[in-house]
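# sequence first, then the predicted structure:
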Amino acid sequence: MRGRAPYVVTIGSGIAEQVVSDAQGAMRVALIHGPQPEHARQQIAELLRIAGHEVTSIAVPDGESGKDIDVARRCWEILGGNGFTRSDLIVGFGGGAITDLAGFVAATWLRGVRLINVPTTLLGMVDAAVGGKTGINVAAGKNLVGAFHPPDAVVVDLEFLESLPEAEYRSGLAEVVKCGFIADPVILELLTADPSGRAHQADLVVRAVRVKAEVVSEDLTDVGRREMLNYGHTLGHAIESVSDYSVRHGEAIAIGMVFAAQLARHCGLLDRRSAGRHRELLSAMGLPTTCAAPMADLLARMRVDKKARGAQLRFVVLEDIARPRILEGPDEDLIAAAYADLVPS
């Protein structure tokens, strides 16, 4: 991938040694991690020690609760106590929330130190760990405090997916199918043939990473084409926030994509068949497509979304499969009509 500097996303199975190769040049390594998978994390730590690195293990809460300023502060204090310098390295090992946090800590410690991401969930592999966005949550919303800080490398070990809980795997598939809707229709064909995603797992991961890589290489800091990666995220992030993050990210984004498709249909941009394909495919994949949260609460959260401009809401929508665009300031009656399509009957 290209960003401020090129970096490699290595995808394979049983590739823990790649982390050691990518860590060359650092004396100290801080391994920021969640509770699982413990054996693989210990293996990487031991390999790093054998290679001569001083390893500091920093355990953090898993999931969105870890993306908190107090957790980041504790990481900074540990780095300071262990004498971490600009030539040292942070490894983010875990799901997307943990790599978001590790990236934010790396971006802010001494104004930026090296980062390697080792995502252990499908969501992390195809989305959070790749692209250089880092962040933590605040009361007003998700990822509102953060920085653009591309990693030095990303190591995607597909073996982690073998033990991933099914609900977490399906959540990650939402970001995969998103890449199909906005850029790569082959992804939609593969998931239509096998909605579980297991039969074509490696191909799906590679294709999703390739979509993100191509977009981010053109637009690192979200001023142009990169916004298209936020398909389904305006409403999706609002759903996560209103639910106090009890709704998984991928589940919320699935609902958000159905909403975006219906909004495009109501605005006369997307045909009924393509809009309906969203609900049909996502439902077959076992992802939710309805929402019962109060619209007023969701609107309030959407107005502080990073994509909003002033008082104007902005949505990523489709004119056709693989033809995304920005819809600015749609009439609230159209938003309400699209949301009504999501309310369970």
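Okay, I see it.

# every contact and neighbour count from this point should use C-alpha atoms.
Fine.

# spatially central residue in this structure, please.
For the chain, the residue nearest the mean C-alpha position is residue 128 (3.2 Å; Cα atoms, centre = their mean).

# tell me who's in contact with that one.
Neighbouring residues of residue 128 by Cα atoms under 8 Å, 6 or more residues apart in numbering: 96-97, 99-100.

# give me the distance between residue 128 and residue 344.
30 Å (Cα to Cα, to the nearest Å).

# ignore what I typed, I meant residue 68.
33 Å.

# between those two, which one's more packed in?
Neighbours were counted for residue 68 and for residue 344 using other Cα atoms under 10 Å; residue 68 has more, 18 against 9.

# now do the strands in the stretch 151-300 of the chain.
Listed from the start of the chain, the stretch 151-300 of the chain has strands (DSSP state E, counting those that start in this stretch) covering 153-157.

# my read is residue 99 is in a strand, agree?
No: read with DSSP: H, G, I helix; E, B strand; the rest coil, residue 99 is helix and lies in no strand.

# burial count for it?
Neighbours around residue 99, by other Cα under 10 Å: 32.

# ok, now residue 21?
By other Cα under 10 Å, neighbour count at residue 21 equals 11.

# that one and residue 32, how far apart?
18 Å.

# and for residue 12?
Distance from residue 12 to residue 32, by Cα to Cα: 22 Å.

# which of these two has more neighbours?
residue 32 (24 against 14).

# now do the phi/psi pair for that one.
phi -90, psi 120 (degrees, to the nearest 10).

# hmm, residue 97 and it touching each other?
No: contact criterion Cα atoms under 8 Å: residue 32 and residue 97 do not qualify, at 11.3 Å.

# where does the prediction get shaky in the stretch 201-345 of the chain?
Residue ranges of the stretch 201-345 of the chain with pLDDT under 70: 306-311.

# contacts for stretch 269-278, please.
By Cα under 8 Å, 6+ apart, stretch 269-278 touches 257-258, 261-262, 264-265, 318-321.

# could you single out the nearest of those residues to residue 27?
residue 257 (44.3 Å; Cα to Cα).

# could you count how many residues lie near the closest one?
That count, for residue 257 with other Cα under 10 Å as the rule, works out to 30.

# so what pLDDT did the residue nearest to the centre of the chain get?
Predicted confidence (pLDDT) for residue 128: 93.

# mind giving me the packing neighbours of whatever helix or strand residue 80 lives in?
Element membership for residue 80 (DSSP states H and E) is helix 69-81. Where contact means 3 or more Cα pairs under 8 Å, 6 or more residues apart in numbering; DSSP states H and E, helix 69-81 is packed against helix 96-108.

# just give me how far the helix it packs on sits from the chain centre.
Between the centre of helix 96-108 and the centre of its chain there are 12 Å (Cα atoms, centre = their mean, to the nearest Å).

# can you give me the angle the next helix or strand after that helix makes with helix 96-108?
Of the helices and strands lying after helix 96-108 in sequence (DSSP H and E), the nearest is strand 114-119. Between strand 114-119 and helix 96-108, the angle comes out at 180 degrees (axes from the mean of the first three to the mean of the last three Cα atoms, to 10 degrees).

# for strand 114-119, what is the average pLDDT?
98.

# shaky segments in the stretch 1-150 of the chain?
Applying pLDDT under 70 to the stretch 1-150 of the chain picks out residues 1-4.

# so which residues of it form strands?
According to DSSP E, counting those that start in this stretch, the strands that the stretch 1-150 of the chain contains are 8-12, 28-33, 54-59, 89-94, 114-119, 133-138, 141-148.

# out of the contacts of residue 128, who's the most crowded?
Taking other Cα under 10 Å as the neighbour criterion, residue 99 ranks highest of the contacts of residue 128 with 32 neighbours.

# residues contacting that residue?
Counting by Cα under 8 Å, 6+ apart, the residues that residue 99 touches are 92-93, 117-119, 124, 128-129, 134.

# against residue 318, how distant is it?
Counting by Cα to Cα, the gap from residue 99 to residue 318 is 29 Å.

# before we move on, what about residue 82?
The value you get for residue 82 to residue 318, if Cα to Cα is used, is 49 Å.

# number of residues surrounding the nearest residue to residue 69 once chain neighbours are set aside?
Of all residues not flanking residue 69 in the chain, residue 136 sits nearest, at 6.9 Å (Cα to Cα, 6 or more residues apart in numbering). Using other Cα under 10 Å, residue 136 is surrounded by 27 other residues.

# before I go, just wanted to say thanks for your time.
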